[in-house]
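Asks: here is a sequence together with a model predicted from it:
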There are 2 protein chains.
Amino acid sequence: MQKMSRESPNPIGVFDSGIGGLTVVAALRDLLPAESIFYIGDTARVPYGGKSRRTVERYSVEIGGLLLAEEAKVIVVACNTASALAVPRMSEIFKVPVQGVIAPGAEAAVRATTTRRIGVIGTRATIASGAYEHAIHQLAPEARVFSAACPLLVPLIEEGLFEDPITDQVLARYLAPLLAEAIDTLVLGCTHYPLLRRAIARAAGAGVTLVDSAKNCALAVQSLLATEDLTAPPSRLGRLDVALTDSTEGFLRVAQDALDLEIGDVQLRAVQARE
Amino acid sequence: MQKMSRESPNPIGVFDSGIGGLTVVAALRDLLPAESIFYIGDTARVPYGGKSRRTVERYSVEIGGLLLAEEAKVIVVACNTASALAVPRMSEIFKVPVQGVIAPGAEAAVRATTTRRIGVIGTRATIASGAYEHAIHQLAPEARVFSAACPLLVPLIEEGLFEDPITDQVLARYLAPLLAEAIDTLVLGCTHYPLLRRAIARAAGAGVTLVDSAKNCALAVQSLLATEDLTAPPSRLGRLDVALTDSTEGFLRVAQDALDLEIGDVQLRAVQARE
């Protein structure tokens, strides 16, 4: 197998702390069916959203190494928390390109807004990092960004409560301060959130455009592969391999039911969280 | 410092995946003010409740080793998931006594029930382990045990939504099948749940006795120390030291506001999760 040839059959390495990154995988499968994907979900240490920068960096570098052991030609950080906290460190350490979800989401939000009033929802760690504000202000310094940490959404999604009055009430409470600021665009700043897209659209109302970080990340990967001459030969159909750091039933259920992804055997990988 | 003398000034080692074990610490402080406590919260890998037996065993043995490095005279597993999955393995490995929360909770439930219809709520992993059913049936083979996994309660508690209509609705939904079985006793099978005691009591109704695993675990530790001649000299006031495996703001807020615990500097400990 050739590495880093002008056409590369090597897999795209994708990781997330858990199942959320599968929304990015689904978007990549739609857009780039010839690409193979090797996905690692760090389910032994999920969630990352409440953890410190140092811990998230350490976990992300470790999982990046596991993806490189699978000969990944590019690493996609399909997790907003890890994108916000760990992409700079990963880019220092690894020679392959590292693509996070923040920059594509920020670009899409700036393209979508007409009033320059943008809302961002995400985990506690993503929102506290200010990564979206920073990325949006680099593109549109005059934009106003209103952010809300939504720590209950991931547990609700992992319970499969996509259409549920409890989820609707939680969303109404989280979105109220953003809607009061008359945002016209809302960034779903967590890769879990596309699974809740319908309920979020209902809570946000027809006047708000939703920006899906999964879909925009897949578009950025497509453009990165083209620029770096790393696209897979078009004649083949890519494989999807999945490894988890802990066995979880919920993972496959969500992958198959909500995202319609076909996954074969799931492998287990040990993680060694050294200082 | 003497180890394993007839009176031991060494600390009681207590651990949990996060903040829930502080309810056991609060109960121990009330009951045994002369005892020093060294607490470790594995906040880098919280929560344990959705993880596999093997992973929970591995994490628990590792944290147990850190407590022994602090000269703990006994290890209290102040986490129902770790008690359900890892106490047997820890008891094989460590020479000091290992006290979990399941057995004391099961004993208290059997003492409390008059109809022998007992409900148990806990994390997905605790309920799937069947540990409470097993412990209750050893004491009362004729008892009927009705269990419900309540995975949203820990996130709601960690958000501080102790008195909130959303929490009330989630509780009503989780408890409905248990109340339909006419339970007269409900085991709070997760050390987080005493923080939600008032809301749970409201949802369960006046006819149901709540069994608090934190308080019953503290009573079991008192009895264990007496049996093993490990009680601290009574003249002193015990220290409370806390170490976390990741820095988290929420931890201290809950410890101080909801449990009225006085904690000095919080230390950080690195964890090395080797296979």
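Replies: Structure received.
Asks: every contact and neighbour count from this point should use C-alpha atoms.
Replies: OK.
Asks: check what pLDDT the closest residue to A:L196 other than its chain neighbours gets.
Replies: Nearest residue to A:L196, sequence neighbours excluded (CA to CA, 6 or more residues apart in numbering or on different chains): A:F162, at 5.6 Å. We have a pLDDT of 92 for A:F162.
Asks: isn't A:F162 right up against A:Y193?
Replies: No: at 10.0 Å, A:F162 does not count as touching A:Y193 under the criterion of CA atoms under 8 Å.
Asks: comparing these two, which residue is more hemmed in?
Replies: Under the criterion of other CA atoms under 10 Å in any protein chain shown, the comparison of A:F162 against A:Y193 puts A:Y193 first, with 24 against 21.
Asks: the residue nearest to A:L196 and chain B, how far apart?
Replies: 14 Å (CA to the nearest CA, to the nearest Å).
Asks: what of A:E181?
Replies: 24 Å.
Asks: quick one: residues contacting that residue.
Replies: For A:E181, the contacting residues are A:R117, A:F146, by CA atoms under 8 Å, 6 or more residues apart in numbering or on different chains.
Asks: where's A:R173, which helix or strand?
Replies: Following DSSP states H and E, one finds A:R173 within helix A:165-180.
Asks: got it, and A:A109?
Replies: A:A109 belongs to helix A:102-112, assigned by DSSP H and E.
Asks: which non-adjacent residue is nearest the most centrally placed residue in chain A?
Replies: Centroid check for chain A by CA atoms, centre = their mean gives A:A78 as the closest residue, at 3.2 Å. Of all residues not flanking A:A78 in the chain, A:G21 sits nearest, at 4.7 Å (CA to CA, 6+ apart).
Asks: and if you look at A:S129?
Replies: A:A84 (6.5 Å).
Asks: give the burial count for that neighbour, as a bare number.
Replies: Around A:A84 there are 25 residues (other CA under 10 Å).
Asks: so who does it touch?
Replies: With CA under 8 Å, 6+ apart, A:A84 has these contacts: A:I102, A:T126, A:S129, A:A131.
Asks: mind checking the SS state of it?
Replies: Of the three states, A:A84 takes helix according to DSSP: H, G, I helix; E, B strand; the rest coil.
Asks: which elements pack onto the helix holding A:A109?
Replies: Packing partners of helix A:102-112 (3 or more CA pairs under 8 Å, 6 or more residues apart in numbering or on different chains; DSSP states H and E): helix A:80-93, helix A:131-139, strand A:185-188, strand A:209-212, helix A:213-227.
Asks: partner strands of the very next helix or strand once past it and their direction?
Replies: Following helix A:102-112 in sequence order, the next helix or strand is strand A:117-122 (DSSP H and E). Paired with strand A:117-122 in the same sheet, following DSSP bridges, are strand A:144-149 (parallel), strand A:185-188 (parallel).
Asks: please identify the most buried of those strands.
Replies: Compared across the strands paired with strand A:117-122, strand A:185-188 shows the largest average neighbour count, a mean of 25 (mean count of other CA atoms under 10 Å in any protein chain shown).
Asks: which of the residues in the next helix or strand after that strand are buried?
Replies: Where DSSP H and E defines the elements, the next helix or strand beyond strand A:185-188 is helix A:197-204. Buried residues in helix A:197-204, counted by 16 or more other CA atoms under 10 Å in any protein chain shown: A:R197, A:A199, A:I200, A:A203, A:A204.
Asks: and those, which is closest to B:L188?
Replies: Lowest distance from B:L188 to the buried residues of helix A:197-204 (CA to CA) belongs to A:A199, with 32.0 Å.
Asks: correct me if wrong: that closest one contacts A:F162.
Replies: Yes: assessed by CA under 8 Å, A:A199 is found in contact with A:F162 at 7.1 Å.
Asks: name the residues contacting each of the two.
Replies: Contacts common to A:A199 and A:F162, judged by CA under 8 Å, 6+ apart, are absent.
Asks: who in the stretch 51-200 of chain A is up against chain B?
Replies: A:K51, A:S52, A:T55, A:P151, A:L152, A:P155, A:L156, A:E159, A:I166, A:Q169, A:V170 (CA under 8 Å from any CA of the partner chain).
Asks: beta partners for A:V242?
Replies: Assessed by DSSP bridges, A:V242 has beta-bridge partners A:Y39, A:V266.
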